[in-house]
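S.K.: what follows is a predicted structure for the sequence shown.
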Amino acid sequence: FAPWDEPEAKPLIRFQNVTKKFGEFTAIDNLSLDIYEREFFALLGPSGCGKTTMMRMLAGFEAPTSGRIELAGKDIGKVPPNKRAVNMMFQSYALFPHLTVWDNIAFGLRREGMETNALKARVEEMLRLTRLERFAKRKPHQISGGQRQRVALARSLAKAPTLLLLDEPLGALDAKLRQDTQFELMDIQEKTGTTFVIVTHDQEEAMTVATRIAVMDEGQLMQVATPDRIYETPSSVYVADFIGDVNIIEGRTTPTDEGQIRIDWAEGQPPLFATSSQRFDAGQTGYLAIRPEKVVISAEHPETADNVLRGKVHDIAYLGNLSTYHVELANGTIIKAQSANTRRIARRSFTWEDDVWLSWTATAGVLLAR
Ligand code: ATP
């Protein structure tokens, strides 16, 4: 069951035609978006696209210039930050250095005046959830970066918010720890059932943790969908290019009698064929987005393939599990092809200057209008 596919499902958060201006500058531009209960939702986009502004409006640090933001069906436009069932975890963690892990987690509960036994039980529960029992008596400087990140998470979850906002929560961690922590974060989100909204500029991180991703650009939503849909069926060249690696081939489109679209794209190169859910007229400009791993590289001419190109291996990136080949065509175009190294080394069978064939089926790519 996916709530975002159900027309009847009620969203937990609802942005309705929200615009946020800073003076003359429009940071968020008439944006509408629904986020559902229990979602792990990622806001993804380049620096300055408005991700943090979205979070700050949810937290109540900024008010929209126009439009409406609802939380659980209620307009929260005028509700101050501390009166919202929303908590925000910052990249810096902002732990109190002089307090123990235990007291850091208890801080918000104490301020709320929670009764001692209930408070104790709640802190213990948070320590268990984040596997920090052994570190309860330590101060922040006596634990590792990953552990500090977990303390910050435990503290943000202690008051059982309906919504937790995470602003680049793993930004301070190194790559390996970051990966492990992503899985922990997903696990904790699932266990608590809290709705998480995460801001990140790391597309792999968004793909890993999120149930759905919103790709933003210049204060607007470019696409909102599950990670696999964003990757497999991007709605624009911008999204295709932003998420993962992609070849973009621009050409003139002609619908064929077989229901495919023919793309004439370069003098002396064979036309390419694609299918598309979008309508393309004869003579229109189209952009074929094809992922490197969908391009098959071979030494012999493939027997059956809708698209076949001839080229020379120009560059190879060996990544252990994968190799990426940059193949140069006669007209100078570089096409990236990626293959999995499932067998040892033997599969690294192409080398620089090798003549190769590239091929893919008409359905392997996505033809986009722009
Ligand atoms: P980053 O990944 O770099 O944090 P972001 O996507 O989170 O970027 P925002 O912080 O939301 O971007 O900022 C969006 C735009 O609004 C930027 O161009 C920024 O300069 C502008 N902006 C944000 N806050 C203010 C402010 N208080 N006054 C003026 N302009 C602002």
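M.R.: Good, I have the coordinates.
S.K.: wait, Arg150 touches Leu132, no?
M.R.: Yes: using CB atoms under 8 Å, Arg150 is in contact with Leu132, at 5.7 Å. C-beta here means a position set from N, CA and C on the backbone, and glycine is covered the same way.
S.K.: compare the two (neighbour count), which wins?
M.R.: A side-by-side neighbour count of Arg150 and Leu132, using other CB atoms under 10 Å, places Arg150 first with 25 against 20.
S.K.: now do the strand or helix carrying that one: distance to the chain's middle.
M.R.: Per DSSP states H and E: Arg150 is located in helix 145-158. Remark: helix 145-158 is offset 22 Å from the chain centroid, using CA atoms, centre = their mean, to the nearest Å.
S.K.: returning to what we had before: what do Arg150 and Leu132 both touch?
M.R.: When CB atoms under 8 Å, 6 or more residues apart in numbering defines a contact, no residue borders Arg150 and Leu132 alike.
S.K.: any buried residues in the helix holding Arg150, and which?
M.R.: Neighbour-count burial for helix 145-158, counted by 16 or more other CB atoms under 10 Å, picks out 146-158.
S.K.: out of these, which one sits closest to Thr65?
M.R.: Among the buried residues of helix 145-158, Ser156 lies closest to Thr65 (CB to CB), at 28.0 Å.
S.K.: check what pLDDT that closest one gets.
M.R.: Per-residue pLDDT puts Ser156 at 92.
S.K.: what's the answer for the one 4 residues further on, then?
M.R.: Here the pLDDT value assigned to Ala160 is 92.
S.K.: the longest helix along the chain - contacts with which helices or strands?
M.R.: As assigned by DSSP state H, the longest helix anywhere in the chain is helix 175-192. In terms of contacts (3 or more CB pairs under 8 Å, 6 or more residues apart in numbering; DSSP states H and E), helix 175-192 is packed against helix 116-129, helix 145-158, helix 203-209.
S.K.: between these, which one is nearest to Lys78?
M.R.: With CB to CB as the criterion, Lys78 lies closest to helix 145-158 of the helices and strands packed on helix 175-192, at 23.8 Å.
S.K.: who touches that closest one?
M.R.: By CB under 8 Å, 6+ apart, the residues outside helix 145-158 that reach it are 87-90, 93-95, 101, 104-109, 122-123, 126-127, 129-132, 135, 140, 143, 164, 169-170, 172-173, 177, 180-181, 184-185, 188, 192, 194.
S.K.: what angle do the following helix or strand past it and helix 175-192 make?
M.R.: Counting by DSSP H and E, the next helix or strand C-terminal to helix 145-158 is strand 163-167. Orientation of strand 163-167 against helix 175-192 (axes from the mean of the first three to the mean of the last three CA atoms, to 10 degrees) gives an angle of 170 degrees.
S.K.: so strand 163-167 versus helix 145-158, what angle?
M.R.: Here strand 163-167 points in a direction 150 degrees away from that of helix 145-158 (the same axes, to 10 degrees).
S.K.: packing partners for strand 163-167?
M.R.: Here strand 163-167 touches helix 51-59, strand 86-89, strand 195-200, going by 3+ CB pairs under 8 Å, 6+ apart.
S.K.: could you dump the helices and strands packed on helix 175-192 to TSV with distance to Ser349?
M.R.: Listed next are the helices and strands packed on helix 175-192 as TSV, based on distance: least, CB to CB, whole Å:
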stretch	distance to Ser349
helix 116-129	49
helix 145-158	40
helix 203-209	28
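S.K.: indicate which one of the ones you listed is closest to Asn82.
M.R.: helix 145-158 (13.9 Å).
S.K.: any idea of the angle that closest one forms with strand 195-200?
M.R.: Between helix 145-158 and strand 195-200, the angle comes out at 140 degrees (the same axes, to 10 degrees).
S.K.: now helix 145-158 - C-alpha only, CSV.
M.R.: Extracted C-alpha coordinates of helix 145-158, given in CSV (Å, rounded to 0.1, in the frame of the first residue of the first chain):
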residue,chain,number,x,y,z
GLY,A,145,31.1,11.2,15.5
GLY,A,146,28.6,8.5,14.6
GLN,A,147,27.6,8.1,18.2
ARG,A,148,27.1,11.8,18.6
GLN,A,149,24.9,11.7,15.5
ARG,A,150,22.8,9.0,17.3
VAL,A,151,22.5,11.1,20.5
ALA,A,152,21.2,13.9,18.4
LEU,A,153,18.7,11.6,16.8
ALA,A,154,17.7,10.1,20.2
ARG,A,155,17.2,13.6,21.6
SER,A,156,15.1,14.7,18.6
LEU,A,157,12.9,11.7,18.9
ALA,A,158,12.5,11.8,22.7
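S.K.: coming back round to it: contacting the ligand as well, which ones from the buried residues of helix 145-158?
M.R.: Among the buried residues of helix 145-158, proximity to the ligand is found for none (CB under 6 Å from any ligand atom).
S.K.: what's the closest of those residues to Met216?
M.R.: Comparing the buried residues of helix 145-158 against Met216 with CB to CB places Ser156 closest, at 23.3 Å.
S.K.: list the contacts of whichever residue of the stretch 151-300 of the chain sits closest to the ligand.
M.R.: Nearest to the ligand in the stretch 151-300 of the chain, going by CB to the nearest ligand atom, is His201, at a distance of 5.2 Å. Going by CB under 8 Å, 6+ apart, His201 touches 44-47, 51, 168.
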